[in-house]
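Peer 1: Structure, please.
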Amino acid sequence: MTSSQIPMSDPVLIAPETWLIPNLAAAGPSQFLPVNSLLIRGSEPIIVDTGAPIHRQRWLDLVFSLVDPEDVRWIFLSHDDSDHIGGLADALAMCPSATMVTNFFATERLSLERSLPIKRLRWLEPGDSFLAGDRQMRLVLPPIFDGPTTRGLFDERTGVLWGVDSFAAMTTGSVHHRDDIPEDLYDESFALLNSLVSPWHQWLDPARYQRHVDSVADLHPDTVATAHGPLLTGDAIGDAFNRVRSMAAASCVTPPGQSALDELIAAMSVDQEAARTQSTPRASA
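Peer 2: Okay, the predicted model is just below:
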């Protein structure tokens with residue numbers, strides 16, 4: 001599938017002054033992996049993660065269609081994985097008044113590949129918070145994560161929780177809500193993606209892990225937005241937390257192997273041959 005065949009959508013308003021910045025990556029026939037970030041406009045606008053490198057220009061276009069870069073006061077970096085820092089250098093350069101919220105270890109890891117404006121950083125940990133004008137933003141440790149620098153974010157004003165890599169699931173295209181995803185796709189992809197991103201779940205003590213998951217659920221978010229899954233509201237929030245609770249001490253989900261790769265390559269070859277045939281001019285009679 002070429003980039004021109006991947007569905008696109010505009011930013012999605014998920015709470016007052018809060019937008020999901022959506023992008024997709026192809027993940028199989030009619031299946032896509034969300035690669036989302038957030039913009040919280042408010043009196044001191046906050047960019048929450050900066051997308052993947054492959055979406056860099058589109059991410060910039062979407063975010064700055066909603067806010068003037070000069071007005072941005074905060075850039076929250078959940079962690080240093082590449083699919084969260086695609087537009088980071090641009091955002092820092094374009095938003096000279098913005099303070100970047102991160103942590104010591106993320107700074108150390110990022111310093112291996114880029115220079116960060118140390119005087120514009122603020123290092124915070126789960127349990128810490130910062131005041132962004134008209135809203136208090138609290139850092140949390142999400143129930144699922146694949147890197148030691150990961151920090152989620154809870155907006156105490158709107159009840160929106162940025163769950164980072166937790167609650168991942170495939171979608172069928174430009175759909176953004178849990179109810180818009182077929183049940184079988186949600187069940188299968190949720191189990192696979194959350195196991196892949198946190199294989200340590202197989203070694204967890206269920207009682208101890210439940211206490212951690214409960215500490216996040218007890219925030220009672222009204223909306224959960226994540227980097228790689230649909231928006232969760234209502235009963236879907238409790239269901240998602242229950243799904244990750246059940247992962248403690250459970251075996252890892254087996255990911256696709258070589259046979260799946262062979263099928264993917266074969267399908268790509270068929271598509272390329274069909275495209276070549278269609279583009280070849282027919283000989284004159």
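
Peer 1: Assign residue 39 to one of the three secondary structure states.
Peer 2: At residue 39 the chain is in strand, as set by DSSP: H, G, I helix; E, B strand; the rest coil.

Peer 1: can you check residue 114 too?
Peer 2: Criterion first, three-state DSSP; result for residue 114: coil.

Peer 1: didn't residue 13 look like it was pressed against residue 19?
Peer 2: Yes. Under the criterion of CB atoms under 8 Å, residue 13 makes contact with residue 19 at 5.7 Å. (C-beta placed from N, C-alpha, C; glycine too.)

Peer 1: more crowded one of those two?
Peer 2: Neighbour tally, residue 13 and residue 19, criterion other CB atoms under 10 Å: the higher count belongs to residue 19, 23 against 11.

Peer 1: Surely the more buried one is in contact with residue 36?
Peer 2: No. Counting by CB under 8 Å, residue 36 is not a contact partner of residue 19; they are 10.2 Å apart.

Peer 1: Can you pull out the low-pLDDT segments for this structure?
Peer 2: Counting by pLDDT under 70, the chain contains low-confidence residues at 1-4, 271, 273, 275, 279-285.

Peer 1: okay, which residue is most central for it?
Peer 2: residue 227 (1.1 Å; CA atoms, centre = their mean).

Peer 1: So that residue: helix, strand or coil?
Peer 2: Applying three-state DSSP: residue 227 is coil.

Peer 1: need the contact list for the residue lying closest to it once chain neighbours are set aside.
Peer 2: Spatial nearest neighbour of residue 227, chain neighbours left out: residue 36 (5.3 Å); criterion: CB to CB, 6 or more residues apart in numbering. By CB atoms under 8 Å, 6 or more residues apart in numbering, residue 36 lies in contact with 20-23, 225-228.

Peer 1: ranges for the strands of the stretch 51-200 of the chain?
Peer 2: If DSSP state E, counting those that start in this stretch is used as the criterion, the strands of the stretch 51-200 of the chain fall at 74-76, 99-102, 121-123, 129-132, 135-140, 152-155, 160-162.

Peer 1: Who are the packing partners of the fifth one?
Peer 2: Based on contacts counted as 3 or more CB pairs under 8 Å, 6 or more residues apart in numbering; DSSP states H and E, the elements that strand 135-140 packs against are strand 129-132, strand 152-155.

Peer 1: Also the fourth one?
Peer 2: Using 3+ CB pairs under 8 Å, 6+ apart, the elements in contact with strand 129-132 are strand 135-140.

Peer 1: Next, the buried residues of the strand it packs on.
Peer 2: 135, 137-140 (16 or more other CB atoms under 10 Å).

Peer 1: Can I get those in JSON lines including distance to residue 9?
Peer 2: Converted to JSON lines, those look like this (distance: CB to CB, whole Å):
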{"residue": "135", "distance to residue 9": "26"}
{"residue": "137", "distance to residue 9": "26"}
{"residue": "138", "distance to residue 9": "29"}
{"residue": "139", "distance to residue 9": "29"}
{"residue": "140", "distance to residue 9": "27"}
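
Peer 1: Can you tell me which of these comes closest to residue 199?
Peer 2: Taking CB to CB as the measure, residue 140 is the one of the buried residues of strand 135-140 closest to residue 199, at 21.7 Å.
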